[in-house]
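Participant: take this sequence and fold it.
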Amino acid sequence: MTTNKTGKADKATRVGQLIAGTKKNFPKVSQAITLEGTSTTIGAALNELQSFIDNRNAVVTAQGNARTAVAAERAAAPALDAFISAYVAFIKLQFGPTATELADFGIPVRKAPAPKTAEQKAVAAAKRKATRQARGTTGPKAKKAIHGNITAQLVVTPADASSADASATPATASAAPAQGATPAQPAKG
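Facilitator: Sure, this is the predicted structure:
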């Protein structure tokens with residue numbers, strides 16, 4: 001069982017087999033044959049078949065060369081880009097960033113920004129302020145105003161209400177143990 005492959009490489013293989021079979025079974029290249037109502041010879045048919053294979057081989061070779069050229073270009077690109085940037089900087093340094101000679105090199109002259117109107121400045125300032133508030137960002141002066149000192153009040157609550165009454169009277173408060181202290185325990189012995 002044969003599979004019907006339609007790729008160009010597979011077709012070239014089949015055409016090669018056609019050429020081999022034709023040479024084996026039709027040894028006289030001058031033999032006349034008729035293809036789709038046109039008279040031709042075996043030799044002319046072999047030439048047409050061979051031209052398909054030659055064209056396919058030329059394309060495969062060109063694709064291989066193209067891959068090699070693309071790989072070489074990619075390998076050299078970083079160094080060449082750096083050189084081009086340095087050369088453009090040299091040209092701008094020689095003639096100035098706004099010189100008309102830059103057009104001769106294909107380097108665009110940087111345009112001065114158009115002055116903004118008062119309304120545009122006000123809108124931009126309002127947008128900046130809204131963005132800073134939304135993001136919670138602060139400037140250096142606002143950051144300096146933030147300090148880590150926190151004023152805290154310590155609130156102590158008694159463990160139970162009876163000890164609160166005992167601490168209220170001075171005579172009994174001295175007899176009662178201090179808050180959090182444990183009474184002395186007898187030594188084991």
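Participant: contacts for stretch 93-103, please.
Facilitator: The contact list for stretch 93-103, computed with C-beta atoms under 8 Å, 6 or more residues apart in numbering, reads 91-92, 108-110. C-beta: built from backbone N, CA, C; applies to glycine.
Participant: give me the buried subset of the residues you listed.
Facilitator: Buried positions within the contacts of stretch 93-103, assessed by neighbour count (16 or more other C-beta atoms under 10 Å), are 91-92.
Participant: could you dump the contacts of stretch 93-103 to TSV with distance to Thr137 and pLDDT?
Facilitator: Rendered in TSV, the data for those read as follows (distance: C-beta to C-beta, whole Å; pLDDT from 0 to 100):
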residue	distance to Thr137	pLDDT
Ile91	40	92
Lys92	36	90
Pro108	35	88
Val109	36	84
Arg110	30	81
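Participant: in stretch 12-21, what counts as buried?
Facilitator: Of the residues in stretch 12-21, those buried (16+ other C-beta under 10 Å) are 12, 15, 19.
Participant: as CSV, those with secondary structure and distance to Thr68 would be great.
Facilitator: Listed next are these as CSV, based on DSSP: H, G, I helix; E, B strand; the rest coil; distance: C-beta to C-beta, whole Å:
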residue, secondary structure, distance to Thr68
Ala12, helix, 22
Val15, helix, 27
Ile19, helix, 30
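Participant: ok, so of these, who is nearest Phe83?
Facilitator: Nearest to Phe83, judged by C-beta to C-beta, of the buried residues of stretch 12-21 is Ala12 at 43.1 Å.
Participant: quick check: that closest one touching Arg56?
Facilitator: Yes: distance between Ala12 and Arg56: 4.3 Å, which falls inside the contact criterion (C-beta atoms under 8 Å).
Participant: what ranges does the protein have for its strands?
Facilitator: Counting by DSSP state E, the chain has these strands, from start to end: 32-35, 38-41.
Participant: to Pro140, which of these lies closest?
Facilitator: For the strands of the chain, the distance to Pro140 is smallest for strand 32-35, at 88.0 Å, taking C-beta to C-beta.
Participant: who does the closest one pair up with?
Facilitator: If you go by DSSP bridges, strand 32-35 pairs up with strand 38-41 (antiparallel).
Participant: contacts for the strand it pairs with, please.
Facilitator: Strand 38-41 is touched from outside by 29-34, with contacts defined as C-beta under 8 Å, 6+ apart.
Participant: buried subset of those?
Facilitator: Neighbour counting with 16+ other C-beta under 10 Å marks none of the contacts of strand 38-41 as buried.
Participant: how about the residues you listed, which pair is most distant?
Facilitator: Of all pairs drawn from these, the greatest distance, 16.1 Å, lies between Val29 and Thr34 (C-beta to C-beta).
Participant: which one's the longest helix in the protein?
Facilitator: Among all segments of the chain classified by DSSP state H, the helix with the greatest residue count is helix 42-95.
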